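A.B. asks: Build me a structure from this.
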Amino acid sequence: MTRVSSHPAGNMQHKNASISLSIHLKTARSTILLTMAAKINNKTFICLLFVFVLVGVIMTTTEARVARPVSSGGTITFPICSSVIGVKSGDTCFDIAQKFKLSTSFFNSINPNLNCDALFVGEWICIDGI
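C.D. replies: Numbers count the residues shown, from 1 in each chain. Below is the predicted model of the structure:
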């Protein structure tokens with residue numbers, strides 16, 4: 001046989017414990033949800049930061065490859081090559097300039113991006129132009 005307490009204080013203690021447990025569970029759930037939201041926002045922030053940095057690197061790399069004009073006086077001009085040769089084994093910039101009777105400054109002006117320390121066989125060198 002089951003006994004039911006008819007004492008009002010017994011029921012109140014049970015209700016208070018139930019309310020306290022319910023509030024504690026709701027608070028814990030809110031804390032967990034807020035923590036999960038913060039982690040999601042952290043991950044989103046890191047992903048967006050990564051994308052932003054990646055786009056920045058691509059943009060600066062692309063900008064660096066744009067042709068730069070050669071400036072003479074107040075006007076901007078681009079070197080125009082009218083005749084080229086292919087580098088042969090043992091060639092140097094000095095030898096090529098001497099062979100075609102070019103001054104060093106003119107040779108450098110018509111070959112502005114040439115790295116004379118790293119010539120390779122078959123590389124095109126401008127020998128005449130403006």
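
A.B. asks: what about residue 109, how many residues close to it?
C.D. replies: 17 (other Cβ atoms under 10 Å). The C-beta positions use only the backbone N, C-alpha and C, and glycine is treated the same way.

A.B. asks: Can you verify residue 89 is assigned to a strand?
C.D. replies: No. Residue 89 is assigned coil when assessed by DSSP: H, G, I helix; E, B strand; the rest coil, not a strand.

A.B. asks: what residues are up against it?
C.D. replies: residue 121 (Cβ atoms under 8 Å, 6 or more residues apart in numbering).

A.B. asks: Can you tell me how far it is from residue 57?
C.D. replies: Remark: distance between residue 89 and residue 57 (Cβ to Cβ, to the nearest Å) = 38 Å.

A.B. asks: Spell out which residues make up each domain of the protein.
C.D. replies: 8-66, 70-129 (automatic domain parsing).

A.B. asks: worst average pLDDT in those domains?
C.D. replies: Note on these: domain 8-66 shows the lowest mean pLDDT, a mean of 64.

A.B. asks: Which residues are in contact with residue 117?
C.D. replies: Neighbours of residue 117 in contact, by Cβ under 8 Å, 6+ apart: none.

A.B. asks: And it, its phi and psi?
C.D. replies: phi -80, psi -10 (degrees, to the nearest 10).

A.B. asks: Roughly how far does it sit from residue 93?
C.D. replies: 9 Å.

A.B. asks: neighbours around residue 100, how many?
C.D. replies: Neighbour tally, residue 100, other Cβ under 10 Å: 13.

A.B. asks: now it, nearest residue through space, not along the chain?
C.D. replies: Nearest residue to residue 100, sequence neighbours excluded (Cβ to Cβ, 6 or more residues apart in numbering): residue 127, at 4.7 Å.

A.B. asks: List the buried residues of the host helix or strand of that neighbour.
C.D. replies: Taking DSSP states H and E as the criterion, residue 127 maps to strand 124-129. Buried residues in strand 124-129, counted by 16 or more other Cβ atoms under 10 Å: 125, 126, 127.
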